[in-house]
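Undergrad: Sharing a model that was predicted from the sequence below.
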Amino acid sequence: MIGKRNIILIGPMGSGKSTVGRQLSKYFNMEFFDSDQEIQNRTGADISWIFDTEGEKGFRKREKKIINELTESNNKIISTGGGSIKSKEIRNRLISRGIVIYLQTTVENQFNRTKRDKSRPLLNIDDRKKILEFLSHERNHLYEEIADIIVCTDNHNIKSVTRKIINILLKI
Ligand code: S3P
């Protein structure tokens, strides 16, 4: 039984965390939060603007604060920014504050899903595939390390990914 535990979605950009999170929120009747969206709500600025003016370091500081706040209480579905797990402090926090679900995907799929995206500053470069590959080497082992549940999203639409997660969660 998941009870009142938070359900925390982790995974790289374009893995579907926010869309899956919203669907889980409807099914379980739990409130949904997206760490990027919360940062934007608080600052009144978008992620690219924060990266431009405060650098990645400034953004990560805000991200840590928001994730700490969001995980302070229970009964939420939380989608986390793809790079948040670089921080050991955040990883420990997530492990101890909910059921951590890793939405796994390939670089190829990420590349296709983020094609027209202008909102992710790290992808604002010519060779997007190269950076996605770099990030997957840097981070995939960290997602794996803290995940309670790993769900492969490749070749599955969001609905079937959500259904898979619901089935797993109903059994634990
Ligand atoms: C980032 C992922 C983004 C956002 C920021 C940095 C990353 O979140 O936090 O652009 O470092 O992978 P999504 O994973 O929700 O796209």
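TA: Now that the structure is in, tell me what you want to look at. Residues are numbered from 1 along each chain as shown.
Undergrad: Can you point out the buried residues in the longest helix seen in the chain?
TA: For the chain, the helix that runs over the most residues, judged by DSSP state H, is helix 47-70. For helix 47-70, burial by neighbour count (16 or more other Cβ atoms under 10 Å) applies to 47, 50-51, 59-60, 62-64, 66-67, 70. Bear in mind the C-beta positions are built from the backbone N, C-alpha and C, glycine included.
Undergrad: which ones among these come in contact with the ligand?
TA: Contacts with the ligand are made by I47 out of those, judged by Cβ under 6 Å from any ligand atom.
Undergrad: burial count for I165?
TA: Neighbourhood size, I165 [other Cβ atoms under 10 Å]: 21.
Undergrad: Distance check, it against R22.
TA: Distance from I165 to R22, counting by Cβ to Cβ, to the nearest Å: 13 Å.
Undergrad: Likewise for R93?
TA: Distance from R93 to R22, counting by Cβ to Cβ: 23 Å.
Undergrad: Compare these two (neighbour count), which wins?
TA: Counted by other Cβ under 10 Å, R93 and R22 do not tie: R93 has more neighbours, with 20 against 16.
Undergrad: which other residues reach the helix or strand where the more buried one lies?
TA: Counting by DSSP states H and E, the element that carries R93 is helix 88-96. With Cβ atoms under 8 Å, 6 or more residues apart in numbering as the test, helix 88-96 has contacts from 8, 10, 63-64, 67-68, 71, 80, 84-85, 100, 142, 145-146.
Undergrad: Which neighbouring elements make contact with the next helix-or-strand element following the longest helix of the chain?
TA: Downstream of helix 47-70, the next assigned helix or strand under DSSP H and E is strand 76-79. Counting contacts by 3 or more Cβ pairs under 8 Å, 6 or more residues apart in numbering; DSSP states H and E, strand 76-79 packs against strand 7-10, helix 17-28, strand 31-34, helix 47-70.
Undergrad: So which bits of this structure are right by the ligand?
TA: 13, 17, 36, 47, 81-83, 120-122.
Undergrad: among these, which are in strands?
TA: When the residues of the chain next to the ligand are checked against strands using DSSP state E, none is located there.
Undergrad: Quickly check those residues for the two that are furthest apart.
TA: Using Cβ to Cβ, the residues of the chain next to the ligand span at most 17.5 Å, a distance reached by K17 and P121.
Undergrad: Those two: who's more crowded?
TA: Neighbours were counted for K17 and for P121 using other Cβ under 10 Å; K17 has more, 27 against 16.
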